[in-house]
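Return atomic coordinates for the entry below.
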Amino acid sequence: MNEIVEKKRNYNLFPTFGDSFGTGWNVMLDNFLRLLLVVFVLVLLTGPLNGIRFNLDEHDFGNFNWDWWDGNWGQIFGIASLGAIAIFVGLMALAYAFLALPVVTYGAKMIFLESVRRKKPDFEWLIKGFWTNYLNIILAHLLKFALVATGLFALIVPGIIIACRLAFVPYLVMDRKLDPIEAVESSWRLTRGHGWTIFLMGAVSCFIYLFGLILFFVGVLISDMWVKSAFASLYESVLLEKEKKAEQLEEAA
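Residues are numbered from 1 along each chain as shown. Predicted structure coming up:
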């Protein structure tokens, strides 16, 4: 009787650019269908936001006969109604982007992290945050957004630095159940000495996504799987590095 032996790839969990992308690639291959389903769900959920555009000009009113405009209440009410609808849709999109979508995206990061840890990815993470960790996720997302946005207004470079140093906030909120302030502070400490690695990974990720666009829809999904796996690998690598240093200090003491 032939036994089926599962061959596990070697995951090099070291906090470097090459090891993170190399491990991310292996993680993606080992969990291809599961992670593909996750990024496909993310695309479906973020698609409506990408489709909302309000770039109006005179051509959008091509069928409206401005010669008939006389400023009566009916015409004013019609224009006001269109404006109210646009404002309502905009507010709903904003609420969705800040009060619902972060739960799913943070959960997706946890699924990728579980894959790095050789655990069977649990799809329930995509919605689990709504009833287990909702407030921390939303507040952490808002705090991170506010800090990065403030930095970007301050000559852009500070915003890039803050974004790199807070890259681990979603993982810490989901993995360690930290509150927003603790997650920001812990991410800042963990990423000390790894800022350039995160920045370089982010820059290269742009080219990976660009190459994925050339290969159309499937290429974008694969690119997203690889990038998310790489960043999850980096987070896990940094954690292992910090834990190893802490153990060495305890032994020395």
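
When you work out contacts or count neighbours from here on, use the C-alpha atoms and nothing else.
OK.

how close does residue 143 sit to residue 207?
Note on residue 143: its distance to residue 207, by CA to CA, to the nearest Å, is 28 Å.

okay, those two: which has more neighbours?
For residue 143 and residue 207, the more surrounded residue by other CA atoms under 10 Å is residue 143, and the numbers stand at 15 against 12.

Chain neighbours aside, what residue packs nearest to the more buried one?
residue 180 (7.2 Å; CA to CA, 6 or more residues apart in numbering).

and that neighbour, what does it touch?
Going by CA atoms under 8 Å, 6 or more residues apart in numbering, residue 180 touches 136-137, 139-140, 143, 173.

what does residue 109 give?
Contacts of residue 109 (CA under 8 Å, 6+ apart): 170-171, 228, 232.

repeat that for 10 Å
For residue 109, the contact set (CA atoms under 10 Å, 6 or more residues apart in numbering) comprises 38, 115, 125-126, 170-171, 174-175, 228-229, 231-232.

Determine how far the helix or strand it falls within lies from the middle of the whole chain.
Here residue 109, judged by DSSP states H and E, is contained in helix 101-116. With CA atoms, centre = their mean, to the nearest Å as the basis, helix 101-116 stands 8 Å off its chain's centre.

can you check stretch 186-206 too?
Taking CA atoms, centre = their mean, one finds the center of stretch 186-206 at 14 Å from the center of the full chain.

next one: stretch 149-169
Distance of stretch 149-169 from the chain centroid (CA atoms, centre = their mean) equals 15 Å.

Output it as CSV, restricted to C-alpha atoms.
Presented in CSV, the C-alpha positions along stretch 149-169 are these (Å, rounded to 0.1, in the frame of the first residue of the first chain):
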residue,chain,number,x,y,z
ALA,A,149,-2.7,61.1,6.6
THR,A,150,-1.3,63.7,9.0
GLY,A,151,2.2,62.6,8.0
LEU,A,152,1.4,62.8,4.3
PHE,A,153,0.2,66.3,4.8
ALA,A,154,3.5,67.1,6.4
LEU,A,155,5.6,66.9,3.2
ILE,A,156,4.7,63.3,2.4
VAL,A,157,7.9,61.7,3.7
PRO,A,158,6.8,61.6,7.3
GLY,A,159,3.6,59.9,6.1
ILE,A,160,5.6,57.2,4.3
ILE,A,161,7.8,56.6,7.4
ILE,A,162,4.7,56.4,9.7
ALA,A,163,3.0,54.0,7.2
CYS,A,164,6.1,51.7,7.3
ARG,A,165,6.4,51.7,11.0
LEU,A,166,2.7,51.0,11.5
ALA,A,167,2.6,48.1,9.0
PHE,A,168,2.1,45.6,11.8
VAL,A,169,-0.9,47.2,13.4
